[in-house]
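Peer 1: kindly return the folded structure for what I paste below:
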Amino acid sequence: MIRNPLFALLRSSLFGGLCFATAALLQAAEFDQDHEPLRGILQTYVKDGLVDYAALKTRRQPLDQYLAEVASVAEADFKGWTEPRRLSFLLNAYNAYTLQLIIDHYPVKSIKDIGSFFKGPWDQPVVRLFGRTLTLNNLEHDIIRKDYPDPRIHFALVCAARGCPPLREEAYLAARLDEQLDDQARQFLATPTKNRVDAGARTVYLSPIFKWYGADFEKKHGSVLAALQPYWPKASTAALAQESLKIRYDDYDWSLNQTTR
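Peer 2: Next up, the predicted model:
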């Protein structure tokens, strides 16, 4: 039988394009909302909020694959998810892209060693999302803070520094997101090197996070201390009831949140 080579080429191209489009749609539609690949990574390489970056760098394929799946999600599909699903997806993406940024440059002593004076680590084009290439600053400030004005996000976004809240050994999940964010707040406020109450001096010492993003807490709760009140350890609650408490901000530890070997 005589075949028209042009027709065959056209049919092959159309079929290939259809298969590619179908695969892409299926991949986006079937995104694992349990974030199981990320859960495995965090359970393997995170301990007490610190990361074994050396080991993660040598076995990075699961992280790269997870972020490829994140990048495959179409914005239209994302917008059809519930708000807890959208927010947990974005928090996980931020933390996972931060891990990837660190291992791309590891060994480093601090995330601030990445980039240059004019274009630091949070302005590197490392985030692939919704068909665009963004920075960590874009993801945090232009998407997460803008569209999800819950100050508890600041307990979940981890910038690879020891001064940050701890990186969880599990992914954020829509069904447990409120519980996880509350737990992050309690853990962070229970760390005396970062946040503490000195009753005798009538002073609350806080992480600079609450200075940098104080407006986010004040917008919803009226003041930073009112926003934090439900999450302080019980031993601090009586001292916090005093009037005219002064707020002092501790120094921020920018050293890498890595495990010691």
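Peer 1: surely Thr133 is within a helix?
Peer 2: No. With DSSP: H, G, I helix; E, B strand; the rest coil as the criterion, Thr133 is strand rather than part of a helix.
Peer 1: next, count neighbours for the closest residue in space to it that isn't next to it in sequence.
Peer 2: Nearest residue to Thr133, sequence neighbours excluded (Cβ to Cβ, 6 or more residues apart in numbering): Pro125, at 4.8 Å. No exception for glycine: its C-beta is placed from N, CA and C like everyone else's. Residues near Pro125, counting by other Cβ atoms under 10 Å, number 12.
Peer 1: ditto for Val204
Peer 2: By other Cβ under 10 Å, 24 other residues sit near Val204.
Peer 1: now do the SS call for it.
Peer 2: strand.
Peer 1: I'd say it and Pro192 touch.
Peer 2: No. Using Cβ atoms under 8 Å, Val204 is not in contact with Pro192, being 11.9 Å away.
Peer 1: how about Tyr148: what's its closest non-neighbour residue?
Peer 2: Closest residue to Tyr148 in three dimensions, ignoring its sequence neighbours and counting by Cβ to Cβ, 6+ apart: Leu87, at 5.0 Å.
Peer 1: residues touching that neighbour, list them.
Peer 2: The contact partners of Leu87, by Cβ atoms under 8 Å, 6 or more residues apart in numbering, come to 144, 148, 150, 153, 172, 174, 177.
Peer 1: look at the residue nearest to Thr133 and report its pLDDT.
Peer 2: Turning to Pro125, the model gives it a pLDDT of 98.
Peer 1: how close does the residue lying closest to Ser223 once chain neighbours are set aside sit to Glu179?
Peer 2: Residue nearest to Ser223 in three dimensions, not counting chain neighbours: Phe217, with 7.5 Å by Cβ to Cβ, 6+ apart. Remark: distance between Phe217 and Glu179 (Cβ to Cβ, to the nearest Å) = 20 Å.
Peer 1: burial measure for Glu179, as a count.
Peer 2: For Glu179, using other Cβ under 10 Å, the count is 10.
Peer 1: one more: Ala239?
Peer 2: Using other Cβ under 10 Å, Ala239 has 17 neighbouring residues.
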